[in-house]
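Visitor: Make a model of this:
(one chain, ligands or ions: 2)
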Amino acid sequence: MTWWRRVEAADGVAVAPSILSADAAKLGAECAAVRAAGADLLHVDVMDGHFVPNLTYGPHVARSVAAACDLPLDCHLMVEDPAAYAPRFLEAGATSITFHWELEIDHRELLESLRQAGARPGLVVNPSTPLDSRIRDLLPLCDIFLVMSVHPGFSGQSFDPVALPKLQKLRQWRNEDGLDLALEIDGGIDRETAPQARAAGADILVSGSTVFGSEDYQGIVAELRGQSAN
Ligand code: DX5
Ligand code: ZN
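Guide: Residues are numbered from 1 along each chain as shown. Ligands and ions are numbered 1, 2, ... in the order given. Model prediction:
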(Lines give C-alpha, C1' and ligand atoms only; values in the text may rest on other atoms or scores of the structure.)
(Ligands and ions follow the chains in the order given, each with its own letter.)
Protein backbone atom coordinates (compact mmCIF):
# COMPACT_ATOMS: atom_id res chain seq x y z
CA MET A 1 0.00 0.00 0.00
CA THR A 2 1.38 3.35 -1.03
CA TRP A 3 0.75 6.63 0.75
CA TRP A 4 -0.72 8.29 -2.35
CA ARG A 5 -3.42 5.67 -2.92
CA ARG A 6 -6.51 5.49 -0.77
CA VAL A 7 -8.18 2.27 -1.83
CA GLU A 8 -6.33 -0.79 -0.59
CA ALA A 9 -7.36 -2.98 -3.50
CA ALA A 10 -6.82 -0.38 -6.20
CA ASP A 11 -4.08 -0.86 -8.67
CA GLY A 12 -3.08 1.61 -11.32
CA VAL A 13 -2.98 5.34 -10.87
CA ALA A 14 -4.24 7.63 -8.15
CA VAL A 15 -6.40 10.64 -9.03
CA ALA A 16 -5.81 14.03 -7.41
CA PRO A 17 -8.51 16.58 -8.25
CA SER A 18 -7.15 20.14 -8.24
CA ILE A 19 -9.40 22.36 -6.15
CA LEU A 20 -8.41 25.27 -8.40
CA SER A 21 -11.34 24.24 -10.61
CA ALA A 22 -13.78 23.61 -7.74
CA ASP A 23 -16.55 26.02 -6.80
CA ALA A 24 -14.66 28.06 -4.18
CA ALA A 25 -17.90 29.18 -2.55
CA LYS A 26 -18.57 25.59 -1.50
CA LEU A 27 -15.09 24.19 -1.21
CA GLY A 28 -15.82 21.81 1.68
CA ALA A 29 -18.72 20.23 -0.17
CA GLU A 30 -16.68 19.94 -3.36
CA CYS A 31 -13.87 18.16 -1.49
CA ALA A 32 -16.34 15.78 0.14
CA ALA A 33 -17.91 15.09 -3.25
CA VAL A 34 -14.64 14.14 -4.94
CA ARG A 35 -13.70 12.04 -1.92
CA ALA A 36 -17.00 10.18 -2.22
CA ALA A 37 -16.30 9.81 -5.94
CA GLY A 38 -13.09 7.93 -5.18
CA ALA A 39 -10.38 10.59 -5.41
CA ASP A 40 -7.14 9.64 -3.66
CA LEU A 41 -5.65 13.05 -2.85
CA LEU A 42 -6.60 16.72 -3.07
CA HIS A 43 -4.25 18.84 -5.15
CA VAL A 44 -3.86 22.39 -3.82
CA ASP A 45 -2.33 24.88 -6.28
CA VAL A 46 -0.61 27.66 -4.38
CA MET A 47 0.23 30.68 -6.56
CA ASP A 48 1.86 33.88 -5.37
CA GLY A 49 1.37 36.23 -8.35
CA HIS A 50 5.16 36.32 -8.91
CA PHE A 51 6.36 32.86 -9.88
CA VAL A 52 3.16 32.58 -11.92
CA PRO A 53 0.80 35.39 -12.99
CA ASN A 54 -2.08 34.24 -10.81
CA LEU A 55 -3.02 34.27 -7.12
CA THR A 56 -4.71 31.53 -5.17
CA TYR A 57 -4.54 30.34 -1.58
CA GLY A 58 -2.69 30.90 1.63
CA PRO A 59 -2.27 28.33 4.40
CA HIS A 60 -5.62 29.21 5.98
CA VAL A 61 -7.47 27.68 3.01
CA ALA A 62 -5.34 24.54 3.26
CA ARG A 63 -6.15 24.36 6.97
CA SER A 64 -9.89 24.59 6.32
CA VAL A 65 -9.75 22.00 3.55
CA ALA A 66 -7.68 19.65 5.76
CA ALA A 67 -10.27 20.00 8.53
CA ALA A 68 -13.17 19.40 6.14
CA CYS A 69 -11.78 16.38 4.30
CA ASP A 70 -9.46 13.57 5.35
CA LEU A 71 -7.81 13.04 1.95
CA PRO A 72 -4.07 13.77 1.86
CA LEU A 73 -3.39 17.36 0.76
CA ASP A 74 -0.92 17.55 -2.09
CA CYS A 75 0.31 21.16 -2.06
CA HIS A 76 1.91 22.35 -5.30
CA LEU A 77 3.77 25.55 -4.48
CA MET A 78 4.09 27.91 -7.44
CA VAL A 79 5.78 30.58 -5.35
CA GLU A 80 9.14 32.34 -5.51
CA ASP A 81 10.04 31.62 -1.91
CA PRO A 82 8.88 28.09 -1.04
CA ALA A 83 11.19 27.91 1.99
CA ALA A 84 9.17 30.72 3.58
CA TYR A 85 5.76 29.17 2.92
CA ALA A 86 6.21 25.40 2.86
CA PRO A 87 6.43 25.06 6.67
CA ARG A 88 3.20 27.02 7.00
CA PHE A 89 1.40 24.67 4.60
CA LEU A 90 2.81 21.69 6.46
CA GLU A 91 1.59 23.11 9.75
CA ALA A 92 -1.81 23.69 8.10
CA GLY A 93 -2.14 20.00 7.27
CA ALA A 94 -0.33 19.39 3.97
CA THR A 95 0.83 15.82 3.34
CA SER A 96 3.03 16.33 0.29
CA ILE A 97 4.66 19.62 -0.66
CA THR A 98 6.23 20.19 -4.05
CA PHE A 99 8.20 23.22 -5.25
CA HIS A 100 9.79 24.16 -8.54
CA TRP A 101 13.21 23.11 -9.79
CA GLU A 102 13.37 26.32 -11.87
CA LEU A 103 13.89 28.41 -8.73
CA GLU A 104 17.41 29.48 -7.81
CA ILE A 105 17.27 28.18 -4.27
CA ASP A 106 18.94 25.43 -2.26
CA HIS A 107 16.61 22.60 -3.31
CA ARG A 108 18.50 20.01 -1.30
CA GLU A 109 18.25 21.95 1.92
CA LEU A 110 14.51 22.51 1.55
CA LEU A 111 13.81 18.88 0.60
CA GLU A 112 15.79 17.71 3.63
CA SER A 113 14.16 20.12 6.04
CA LEU A 114 10.65 19.29 4.81
CA ARG A 115 11.24 15.59 5.16
CA GLN A 116 12.64 16.11 8.63
CA ALA A 117 9.54 18.12 9.51
CA GLY A 118 7.30 15.23 8.47
CA ALA A 119 6.25 16.24 4.95
CA ARG A 120 6.50 14.17 1.82
CA PRO A 121 8.60 16.58 -0.24
CA GLY A 122 9.12 16.78 -3.94
CA LEU A 123 10.22 18.78 -6.96
CA VAL A 124 8.30 20.05 -9.99
CA VAL A 125 9.54 20.67 -13.53
CA ASN A 126 7.85 22.90 -16.09
CA PRO A 127 7.25 21.71 -19.68
CA SER A 128 10.28 23.66 -20.94
CA THR A 129 12.62 22.31 -18.25
CA PRO A 130 14.70 19.23 -19.13
CA LEU A 131 15.60 16.49 -16.67
CA ASP A 132 19.30 16.32 -15.87
CA SER A 133 21.75 14.57 -13.57
CA ARG A 134 21.38 17.24 -10.86
CA ILE A 135 17.70 16.33 -10.64
CA ARG A 136 18.54 12.63 -10.55
CA ASP A 137 20.90 13.25 -7.64
CA LEU A 138 18.07 14.83 -5.64
CA LEU A 139 15.50 12.08 -6.23
CA PRO A 140 16.47 10.10 -3.08
CA LEU A 141 15.35 13.15 -1.09
CA CYS A 142 11.96 13.26 -2.84
CA ASP A 143 8.81 11.26 -2.08
CA ILE A 144 7.06 12.73 -5.11
CA PHE A 145 8.13 14.21 -8.43
CA LEU A 146 5.71 16.35 -10.44
CA VAL A 147 6.01 16.74 -14.20
CA MET A 148 4.02 19.67 -15.58
CA SER A 149 2.12 19.05 -18.80
CA VAL A 150 1.00 22.69 -19.03
CA HIS A 151 2.77 25.92 -18.20
CA PRO A 152 1.82 26.54 -14.55
CA GLY A 153 -0.62 29.25 -13.53
CA PHE A 154 -4.02 28.31 -14.86
CA SER A 155 -6.34 25.36 -15.22
CA GLY A 156 -8.03 24.44 -18.48
CA GLN A 157 -4.95 24.54 -20.75
CA SER A 158 -4.07 21.97 -23.42
CA PHE A 159 -1.86 19.00 -22.57
CA ASP A 160 1.78 19.23 -23.68
CA PRO A 161 3.09 15.72 -24.50
CA VAL A 162 6.64 16.82 -23.66
CA ALA A 163 5.80 15.50 -20.18
CA LEU A 164 5.53 11.88 -21.36
CA PRO A 165 9.18 11.04 -22.09
CA LYS A 166 10.09 12.73 -18.80
CA LEU A 167 7.82 10.33 -16.92
CA GLN A 168 9.43 7.41 -18.75
CA LYS A 169 12.90 8.66 -17.86
CA LEU A 170 11.94 9.16 -14.21
CA ARG A 171 10.47 5.66 -14.05
CA GLN A 172 13.74 4.29 -15.46
CA TRP A 173 15.81 6.23 -12.91
CA ARG A 174 13.49 5.09 -10.11
CA ASN A 175 14.03 1.47 -11.09
CA GLU A 176 17.77 1.79 -11.61
CA ASP A 177 18.31 3.66 -8.34
CA GLY A 178 15.81 1.61 -6.29
CA LEU A 179 13.79 4.64 -5.20
CA ASP A 180 10.44 4.94 -3.47
CA LEU A 181 9.00 7.84 -5.44
CA ALA A 182 5.53 8.80 -6.66
CA LEU A 183 5.48 10.17 -10.21
CA GLU A 184 2.81 12.79 -10.78
CA ILE A 185 1.59 14.64 -13.86
CA ASP A 186 -0.35 17.91 -13.81
CA GLY A 187 -2.16 19.85 -16.53
CA GLY A 188 -4.57 19.06 -19.32
CA ILE A 189 -5.40 15.57 -18.05
CA ASP A 190 -8.67 14.41 -19.61
CA ARG A 191 -10.19 11.28 -21.15
CA GLU A 192 -7.76 11.37 -24.09
CA THR A 193 -4.55 12.26 -22.29
CA ALA A 194 -4.99 10.18 -19.10
CA PRO A 195 -4.26 6.89 -20.91
CA GLN A 196 -1.07 8.43 -22.34
CA ALA A 197 0.02 9.57 -18.89
CA ARG A 198 -0.72 6.15 -17.39
CA ALA A 199 1.18 4.39 -20.17
CA ALA A 200 4.19 6.69 -19.64
CA GLY A 201 4.35 5.69 -15.99
CA ALA A 202 2.44 8.26 -13.95
CA ASP A 203 1.34 7.18 -10.47
CA ILE A 204 -0.81 10.26 -9.75
CA LEU A 205 -2.93 12.16 -12.25
CA VAL A 206 -3.83 15.71 -11.24
CA SER A 207 -7.01 16.96 -12.84
CA GLY A 208 -8.78 20.27 -12.38
CA SER A 209 -11.21 21.24 -15.10
CA THR A 210 -11.93 17.69 -16.27
CA VAL A 211 -13.03 16.47 -12.83
CA PHE A 212 -14.80 19.58 -11.56
CA GLY A 213 -16.29 20.34 -14.98
CA SER A 214 -17.94 16.93 -15.04
CA GLU A 215 -21.55 16.25 -14.06
CA ASP A 216 -20.46 12.85 -12.75
CA TYR A 217 -17.45 12.97 -10.43
CA GLN A 218 -17.47 9.24 -9.78
CA GLY A 219 -17.60 8.41 -13.47
CA ILE A 220 -14.80 10.76 -14.45
CA VAL A 221 -12.51 9.72 -11.57
CA ALA A 222 -12.95 6.08 -12.57
CA GLU A 223 -12.41 6.90 -16.22
CA LEU A 224 -9.19 8.82 -15.56
CA ARG A 225 -7.99 5.88 -13.48
CA GLY A 226 -8.68 3.59 -16.42
CA GLN A 227 -11.53 1.75 -14.75
CA SER A 228 -15.23 1.74 -15.54
CA ALA A 229 -17.41 3.44 -12.89
CA ASN A 230 -19.39 0.30 -12.03
C1 DX5 B 1 -1.71 24.68 -13.16
C2 DX5 B 1 -2.00 23.81 -11.97
C3 DX5 B 1 -2.85 22.64 -12.25
C4 DX5 B 1 -4.23 22.95 -12.74
C5 DX5 B 1 -4.65 21.78 -13.59
O6 DX5 B 1 -0.80 25.64 -12.76
O7 DX5 B 1 -0.77 23.32 -11.44
O8 DX5 B 1 -2.93 21.81 -11.08
O9 DX5 B 1 -5.18 23.14 -11.73
O10 DX5 B 1 -5.84 22.09 -14.22
P11 DX5 B 1 -6.34 21.29 -15.50
O12 DX5 B 1 -6.51 19.86 -15.08
O13 DX5 B 1 -7.65 21.97 -15.83
O14 DX5 B 1 -5.31 21.46 -16.55
ZN1 ZN C 1 -0.84 21.86 -9.76
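Visitor: which helix is the longest one in this structure?
Guide: Secondary structure assigned by DSSP state H gives helix 163-177 as the longest helix of the chain.
Visitor: in the helix or strand following that helix, what's buried?
Guide: Tracing the chain past helix 163-177, the next element assigned as helix or strand by DSSP states H and E is strand 182-186. Under the neighbour-count criterion of 16 or more other C-beta atoms under 10 Å, strand 182-186 has Ala182, Leu183, Glu184, Ile185, Asp186 buried. All C-beta atoms are positioned from the backbone trio N, CA, C, and that covers glycine.
Visitor: mind putting these in CSV, pLDDT and distance to ligand 1 included?
Guide: Below are the buried residues of strand 182-186 laid out as CSV (pLDDT from 0 to 100; distance: C-beta to the nearest ligand atom, whole Å):
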residue, pLDDT, distance to ligand 1
Ala182, 98, 15
Leu183, 98, 15
Glu184, 98, 10
Ile185, 99, 10
Asp186, 99, 5
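Visitor: What is the nearest of those to Leu139?
Guide: Leu183 (10.4 Å; C-beta to C-beta).
Visitor: Also within reach of ligand 2: list those from the buried residues of strand 182-186.
Guide: On the criterion C-beta under 5 Å from the ion, Asp186 are the entries of these that sit beside ligand 2.
Visitor: ok, the buried residues of strand 182-186 vs Asn54, which is closest?
Guide: Comparing the buried residues of strand 182-186 against Asn54 with C-beta to C-beta places Asp186 closest, at 14.5 Å.
Visitor: Enumerate the residues of the protein near ligand 1.
Guide: 18, 20-21, 43, 45, 76, 150, 152-153, 155-157, 186-189, 206-210 (C-beta under 6 Å from any ligand atom).
Visitor: And those residues, which of them are buried?
Guide: 18, 20-21, 43, 45, 76, 150, 152-153, 155, 186-189, 206-210.
Visitor: contacting residues around the closest residue to ligand 2 within the chain?
Guide: Residue nearest to ligand 2 within the chain (C-beta to the ion): His76, separated by 3.7 Å. Counting by C-beta atoms under 8 Å, 6 or more residues apart in numbering, His76 touches His43, Val44, Asp45, Val46, Thr98, Val124, Leu146, Asp186, Val206.
Visitor: Swap in 6 Å and give it another go.
Guide: By C-beta atoms under 6 Å, 6 or more residues apart in numbering, the residues touching His76 are Asp45, Thr98.
Visitor: That one in helix, strand or coil?
Guide: strand (DSSP: H, G, I helix; E, B strand; the rest coil).
Visitor: Could you report the separation of Thr129 from Asp81?
Guide: From Thr129 across to Asp81, the span is 19 Å (C-beta to C-beta, to the nearest Å).
Visitor: again, but for Glu215
Guide: Taking C-beta to C-beta, one finds Glu215 at 39 Å from Asp81.
Visitor: Same drill for the two, tell me which one is more crowded.
Guide: Asp81 (14 against 6; other C-beta atoms under 10 Å).
Visitor: Quick check: phi and psi at the more buried one.
Guide: Backbone torsions of Asp81, given as degrees, to the nearest 10, read phi -130, psi 70.
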